[in-house]
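Starting from these lines, generate the structure:
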Amino acid sequence: MQLTDVFLGLGEDNLNQALRHVSLGKLKTYQLFDRVKTRLRVGKLNQESLRKAGPRVWERLQQNEPELAVDLSQAILISHLDMIVAVLDFVGVPHNDGFFDKDANVAQYLTEGWQARAYQQFRDKYPESVLLFYLNHLAHEVDPETPLFTGPK
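Numbers count the residues shown, from 1 in each chain. Below you'll find the predicted structure:
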């Protein structure tokens, strides 16, 4: 599964909700603002343009634009580092403020059912669209063949 597949699998509504939770301040802090603005092809990047970009972004993801998926995922995730830290702490993954070494063996910490447990733990604390995206993003980073997690069955 590719990162575009994660977005597509979670659906357009989920994407639109996640876009509403992007922090422009965090994009500026982590020097992603101009990159995201360019990648989304908007003249001005603000909350309104993010909201309005949803349908166009969805169409582009359907056309399989992996660079768009990567930049979009960074924008969503960097806006929720507190959630990432909480999830990584919950599942026991060693990290440095939400970031772990690319060569770290994270799979050993992601035991069977970890996504469902993390979802149950944090579903009332963080936006569901962002939480579901992160749980799938983390799974994708560890094993690209992990099936899509859409919530408890």
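
show me what contacts the residue lying farthest from the centre of the chain?
Residue distances from the centre of the chain (C-alpha atoms, centre = their mean) peak at Gly43, which lies 23.6 Å from the mean C-alpha position. With C-beta atoms under 8 Å, 6 or more residues apart in numbering as the criterion, the residues that contact Gly43 are Ser49. (C-beta placed from N, C-alpha, C; glycine too.)

Name the SS class of it, please.
Using DSSP: H, G, I helix; E, B strand; the rest coil, the structure places Gly43 in coil.

gap between it and Leu148?
For Gly43, the distance to Leu148 equals 34 Å [C-beta to C-beta, to the nearest Å].

cool, Leu135 as well?
Counting by C-beta to C-beta, the gap from Leu135 to Leu148 is 10 Å.

what does Leu10 give?
On the measure of C-beta to C-beta, Leu10 and Leu148 end up 7 Å apart.

Please enumerate the shared neighbours of these two.
Here Leu10 and Leu148 share the contacting residues Asn136, scored by C-beta under 8 Å, 6+ apart.

of the two, who's got more company?
The neighbour comparison of Leu10 against Leu148 (other C-beta atoms under 10 Å) goes to Leu10, with 20 against 16.

residue contacts, that one?
By C-beta under 8 Å, 6+ apart, the contact set of Leu10 is Ser129, Leu132, Phe133, Asn136, Leu148, Thr150.

Quick check: which ranges of the protein have low pLDDT?
Along the chain, segments meeting pLDDT under 70 span 153.

Domains in it, by residue range?
The chain resolves into domains spanning 3-78, 81-142 when parsed by automatic domain parsing.

export whichever strand or helix holds Gln115 as PDB, just CAs?
Element membership for Gln115, per DSSP states H and E: helix 114-122. Only the C-alpha atoms of helix 114-122 are listed here, as PDB (Å, rounded to 0.1, in the frame of the first residue of the first chain):
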ATOM      1  CA  TRP A 114      -2.100  -2.000  18.500                       C
ATOM      2  CA  GLN A 115      -4.100   0.200  16.200                       C
ATOM      3  CA  ALA A 116      -7.500  -0.700  17.800                       C
ATOM      4  CA  ARG A 117      -6.100  -0.200  21.300                       C
ATOM      5  CA  ALA A 118      -4.600   3.200  20.400                       C
ATOM      6  CA  TYR A 119      -7.800   4.200  18.600                       C
ATOM      7  CA  GLN A 120      -9.800   3.400  21.700                       C
ATOM      8  CA  GLN A 121      -7.400   5.200  23.900                       C
ATOM      9  CA  PHE A 122      -7.300   8.500  21.900                       C
END
